[in-house]
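S.K.: My questions concern the predicted model and sequence given below.
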Amino acid sequence: MSWGCTDDARGSGALGRMRATAALVAVVSMVSLVSLVSLWCGAEASAAAPKPITAGTPFAGGPPSVAVDAAGDAIVAWANTKDLAGASNFVQYCVIPVGATACTHSGNLTPADAAQFIDGVQVLSDGGTIVILADVFGAAGDNAQSYEPEQEWQSTDGGATFTIVDGGLSVSSGIIDADTEPLSAVILPGTGVLGYGWDTAAGPPTFNAFPLAGPPQCSAGTGGCAAGFATLEPDTNPDVIGNGGGQYAAQQGALPGVMGIFDTDFTNGPLGCSNAQTVPFGTAYAYGSGPQSAANNYNISPGSPGSAWKVAAAQADCNVENPAVGGGPSGFGVLEVNDLTKTTVYHRFNAATLSFDTPMVTVAGDSELSPSVSQDGSGGVYATYLLGGPGGPVALSYSADGGKSWTGGTLDSNSGGGIGSLDSSVNAAGQGWVAWLDNGSVFAQSLKAADAVTPAVVGGGASSNGTTVTIDVGCASFPCTITITLTGHETVVIKAEVSRVAEKKAKHKTKTVKLGTARFTITSKGTKKLSVKLSGAGRRFLASKHGHVKISALISERIQRHTAVTTRTLRVAVKTKKKK
């Protein structure tokens, strides 16, 4: 006998004719098998999101960074800034395979030349190489600045061991002055090239590209990089972006490129935003396209021959804040807070017009904090953030259509209210991880798109007129497809010819009656009254009951190509028409 799953998580099968004793056993077994198949079909979606795993307890640490390799393993790294017994900052890391409950590899990485402080840590997974980058300062040797600002470690054995690159000499720089701060690292389009972006107080954002293998020394002590770095805002701009914060992202594929997104706060000029309803917060962006090469170089400033950058810093949006940018097969997009509506929105970049002339799409009905955006190999977009700001739950939103529509769920309730500094990433297969800080510890949690599908809301009761059963059902995201399967239970009747041994074993068993099944599409908020037409067996079952009866409901909710399954025991008020 074969079994298969459909979108509404139902199985199919048949029973042959059997003797009474055999039939009784077969009915009971078949009911159990149907139940198991239904549960198995919905197992991915109905299972709760995995629990957070403690990656480390630095007691005082910088924001964690997380990357996901092709196998789905998480690589989490952060700066330990506790400075116990006067020790300098150092890097800690943890590798967690999918399904594990603890780090399989972990350790400490000490910056070269006794560098005392770490501003930020970044993790990248480039093919079979794991890269950890630490922005350091306070080196102590005679050539101290040769080891600043960016030190790198690499692992080619899945994180079991790490080796410092170039003995700790800086591999990247975008330094304008002492107040230049690191933003984020990316894997550039092409083969074996990394990039790092920066912002500077009272100055423009900068970007530097450098090779994965054998990067040249590129330090503050040598006056910057021999390869140079790109300055992403013209000197003529009256409103210099400064170091208000930002983020970079890169994408491969049909539309390879790099985008930087930056916070702004200007009332006039080319980046000026003003609105009587709110403060003049906004965003600016810079955009480059194509693989890194000598003729298409991300180290050359926009507007210069050979530059890969197509758009120098330009206005993206006004009346927004807390931006995060991500890229992939669906193109670049920015998650941010709309200050006018106090909602979380997603704004897709139009590569054809080199602008954000697409409509904003609402992702969540509240604001966000500490956002992160990434894409899988099919262009599915994943966003993690604290919903509602500090103290809010860790939320996951997912879009299967490039950001045009979204569904959302909760990964962690943040019951203690201490979670902050979120970072997340997914691999091409859609296996993701999110990491955060909470009261001196670093946590990591596995995620998939199905975790963003919130199970349907189902009322506690139902009613029946003898031919249909009506249930109150609502979805959190729209449109959603709801499949309802109703079952009832009744005592098995043992016939006289059944042996006493079989009767003794079966007398407490019940059989399951399939009362009816139906599929619906919900397109708007609020609970809807959904009526399921009863089968002949279902009508006979309810006709044999009087007043109220308990039944089981399996509600399969499909949103954004993923399914969540909810089971409920409902008390049905049977209201049959009286015969005249």
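M.R.: Cool, the structure landed. A quick note: this is a predicted structure, and the numbers were derived from the prediction, not measured.
S.K.: For residue 433, which residues are in contact?
M.R.: Counting by Cβ atoms under 8 Å, 6 or more residues apart in numbering, residue 433 touches 66, 68, 74, 76, 96, 424, 425, 426, 444, 445, 446, 447. Backbone N, C-alpha and C define where each C-beta goes, glycine included.
S.K.: could you flag which of those are buried?
M.R.: Listed as buried from these are 66, 68, 74, 76, 96, 424, 425, 426, 444, 445, 446, 447; burial here means 16 or more other Cβ atoms under 10 Å.
S.K.: Dump those residues into CSV; add pLDDT as well.
M.R.: Shown next, in CSV, are the buried ones among the contacts of residue 433 (pLDDT from 0 to 100):
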residue, pLDDT
66, 98
68, 98
74, 98
76, 98
96, 98
424, 98
425, 98
426, 98
444, 98
445, 98
446, 98
447, 97
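S.K.: and which of those residues is nearest residue 179?
M.R.: Distances from residue 179 to the buried ones among the contacts of residue 433, taken as Cβ to Cβ, are shortest for residue 66 (27.3 Å).
S.K.: The closest one sits in which helix or strand?
M.R.: strand 65-68 (DSSP states H and E).
S.K.: to the chain's geometric centre, what's the distance from that strand?
M.R.: Centroid separation for strand 65-68 versus its chain: 12 Å, with Cα atoms, centre = their mean, to the nearest Å.
S.K.: what's it in contact with?
M.R.: Counting by Cβ under 8 Å, 6+ apart, 74-78, 121-125, 130, 423-427, 431-435, 444 sit against strand 65-68.
S.K.: what's the next helix or strand after it packed up against?
M.R.: As assigned by DSSP H and E, the chain's next helix or strand after strand 65-68 is strand 74-80. Identification of packing neighbours for strand 74-80 by 3 or more Cβ pairs under 8 Å, 6 or more residues apart in numbering; DSSP states H and E yields strand 53-56, strand 65-68, strand 90-96, strand 117-126, strand 129-137, strand 432-438, strand 441-447.
S.K.: what is the mean pLDDT for the fourth one?
M.R.: Meaning strand 117-126. The pLDDT scores in strand 117-126 average 97.
S.K.: neighbouring strands for it, and are they parallel or not?
M.R.: strand 129-137 (antiparallel) (DSSP bridges).
S.K.: so the following helix or strand past the partner strand versus strand 129-137, what angle?
M.R.: Next along the chain after strand 129-137, taking DSSP H and E as the criterion, comes strand 150-155. Computed by axes from the mean of the first three to the mean of the last three Cα atoms, to 10 degrees, the angle separating strand 150-155 from strand 129-137 equals 160 degrees.
S.K.: Can you show me the CA trace of strand 150-155 as CSV?
M.R.: C-alpha atoms of strand 150-155 as CSV (Å, rounded to 0.1, in the frame of the first residue of the first chain):
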residue,chain,number,x,y,z
GLU,A,150,41.3,44.8,9.9
GLN,A,151,42.7,41.4,10.9
GLU,A,152,41.6,38.2,9.3
TRP,A,153,41.4,34.5,10.2
GLN,A,154,40.5,31.7,7.8
SER,A,155,39.3,28.1,8.3
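S.K.: just checking, what packs against it?
M.R.: Counting by 3+ Cβ pairs under 8 Å, 6+ apart, strand 150-155 packs on strand 129-137, strand 163-164.
S.K.: want to throw these into CSV with distance to residue 58, mean neighbour count and mean pLDDT?
M.R.: Shown next, in CSV, are the helices and strands packed on strand 150-155 (distance: least, Cβ to Cβ, whole Å; neighbours: other Cβ atoms under 10 Å; pLDDT from 0 to 100):
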stretch, distance to residue 58, mean neighbour count, mean pLDDT
strand 129-137, 14, 23, 97
strand 163-164, 20, 13, 98
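S.K.: Direction included, what does the strand holding residue 66 pair against?
M.R.: Using DSSP bridges, strand 65-68 pairs in its sheet with strand 74-80 (antiparallel).
S.K.: Strand 432-438 and the strand it pairs with, what's the angle between them?
M.R.: Using the same axes, to 10 degrees, strand 74-80 lies at 20 degrees relative to strand 432-438.
S.K.: Show me the contact partners of strand 74-80.
M.R.: With Cβ under 8 Å, 6+ apart as the criterion, strand 74-80 contacts 55-56, 58, 60-69, 89-96, 108, 118-123, 125, 130, 132, 134, 159, 433, 435, 437, 442, 444, 446.
S.K.: Format the CA atom coordinates belonging to that strand as CSV.
M.R.: In CSV, the C-alpha atoms belonging to strand 74-80 read as follows (Å, rounded to 0.1, in the frame of the first residue of the first chain):
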residue,chain,number,x,y,z
ALA,A,74,26.0,28.2,11.7
ILE,A,75,29.3,30.0,12.3
VAL,A,76,28.9,32.6,15.0
ALA,A,77,31.6,35.0,16.1
TRP,A,78,31.8,38.0,18.4
ALA,A,79,34.3,40.2,20.3
ASN,A,80,34.8,39.4,24.0
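S.K.: and the angle for that strand with strand 441-447?
M.R.: Orientation check (the same axes, to 10 degrees): strand 74-80 against strand 441-447 gives 160 degrees.
S.K.: roughly how far is strand 74-80 from the heart of the chain?
M.R.: 18 Å.
S.K.: Could you tell me how far the spatially most central residue of the chain is located from residue 373?
M.R.: Taking Cα atoms, centre = their mean, the centroid of the chain lies closest to residue 382, which sits 4.0 Å from it. To residue 373, residue 382 is 7 Å away according to Cβ to Cβ, to the nearest Å.
S.K.: which neighbours do these two share?
M.R.: Contact criterion Cβ under 8 Å, 6+ apart; residues shared by residue 382 and residue 373: residue 326.
S.K.: What residues sit buried inside stretch 307-323?
M.R.: Across stretch 307-323, burial judged by 16+ other Cβ under 10 Å covers 307-309, 311-323.
S.K.: element containing residue 374?
M.R.: Per DSSP H and E: residue 374 is located in strand 368-375.
S.K.: Would you give the sheet partners of that strand, along with the direction of each?
M.R.: strand 381-387 (antiparallel).
S.K.: Tell me where the protein is predicted with low confidence.
M.R.: Scanning the chain for pLDDT under 70 picks out 1-49, 221-224, 276-277, 492-509, 576-580.
S.K.: can you give me the helices in it?
M.R.: 20-41, 43-46, 500-506, 536-543 (DSSP state H).
S.K.: Residue 197: what's its closest spatial neighbour, skipping adjacent residues?
M.R.: Take residue 197 and drop its neighbours on the chain: the residue closest to it by Cβ to Cβ, 6 or more residues apart in numbering is residue 248, 3.9 Å away.
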